[in-house]
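J.: Kindly return the folded structure for what I paste below:
(one chain, ligands or ions: 1)
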Amino acid sequence: MSRPRPLAILGGTFDPVHHGHLRAAWEAAEALDAEVRLVPARTPPHRPPPVADASGRVALLRAALAGQDRLAIDTRELDRDGPSYTVDTLASLRADIGPDRSLVLLVGADAFAGLASWHLWRDLFAFAHVGVLTRPGTLHPPSGDLAAFIAGRRVERLHGPSGQVIDIAITPLDIAATAIRESFAAGGEPRFLMPTACFADEALLAPYRALGR
Ligand code: ATP
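T.: Just a heads-up that it's a prediction; the model follows:
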């Protein structure tokens with residue numbers, strides 16, 4: 001029996017989804033030969049509430065992902081009450097896929113450098129590998145407890161279901177949802193920062209357009 005592809009996840013607010021997210025997820029899918037799921041967060045513990053509600057953000061994600069099957073959406077954090085801790089999401093995914101399949105948590109290099117502040121961060125490695133999305137020319141070296149913990153876990157190629165750290169070089173695209181929301185708020189039309197399909201249904205953009213009124 002052939003081994004199933006690794007499953008990788010990219011969490012985020014996706015308020016709204018843009019080409020920075022999509023391209024990073026796609027390049028990770030290619031680099032790891034993985035299925036990648038985008039996991040929209042319901043209640044980010046550390047930031048103001050999203051502009052679009054969960055169903056609106058998911059609808060934009062669906063529009064963005066139409067026509068391909070390498071990237072998918074996983075709504076489990078939206079189906080759960082309360083804050084979405086990554087460790088809970090990974091535990092839930094691990095329960096779904098069984099003990100053997102490779103599971104990879106994708107995080108930006110800047111977020112990875114701060115991993116030691118995450119809830120039960122050491123447990124993340126019991127459930128998954130970590131794929132660090134690295135933009136060439138930028139350095140976010142881990143320090144302290146994290147550096148000590150990952151020493152010996154860094155690999156060039158993932159083996160086994162969990163526990164390792166791999167760098168994934170991605171094309172730097174300087175796109176952020178914050179700038180897209182600011183563009184809408186200024187009455188702009190932030191086309192080509194996000195998929196054209198997202199502009200096909202005005203109802204999906206209404207919460208963002210309302211920022212400008
Ligand atoms: P905001 O501007 O609202 O903070 P964002 O654009 O950074 O949002 P998030 O939903 O917070 O988007 O990001 C989800 C994930 O995608 C994070 O892991 C983040 O590091 C990554 N990401 C966001 N923008 C990019 C980008 N331009 N290139 C690569 N990865 C990105």
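J.: tell me the contacts of the closest residue to residue 125 other than its chain neighbours?
T.: In this structure, residue 125 finds its nearest non-sequential neighbour in residue 163, 5.0 Å apart by C-beta to C-beta, 6 or more residues apart in numbering. All C-beta spots, glycine's among them, are computed from the backbone N, C-alpha and C. With contact set as C-beta atoms under 8 Å, 6 or more residues apart in numbering, residue 163 has these partners: 125, 126, 129, 153.
J.: Which one of those residues is nearest to the ligand?
T.: Set against the ligand, the nearest of the contacts of residue 163 by C-beta to the nearest ligand atom is residue 129 (15.5 Å).
J.: does that closest one really touch residue 107, like I thought?
T.: No. Taking C-beta atoms under 8 Å as the contact criterion, residue 129 and residue 107 are not neighbours in contact, 11.1 Å apart.
J.: The two: who's more crowded?
T.: residue 129 (25 against 21; other C-beta atoms under 10 Å).
J.: Quick one: residues contacting the more buried one.
T.: 6, 102, 103, 104, 105, 158, 162, 163, 164, 165, 166.
J.: For the residue nearest to residue 195 when sequence neighbours are not counted, give its distance to residue 26.
T.: Take residue 195 and drop its neighbours on the chain: the residue closest to it by C-beta to C-beta, 6+ apart is residue 64, 4.5 Å away. From residue 64 across to residue 26, the span is 11 Å (C-beta to C-beta, to the nearest Å).
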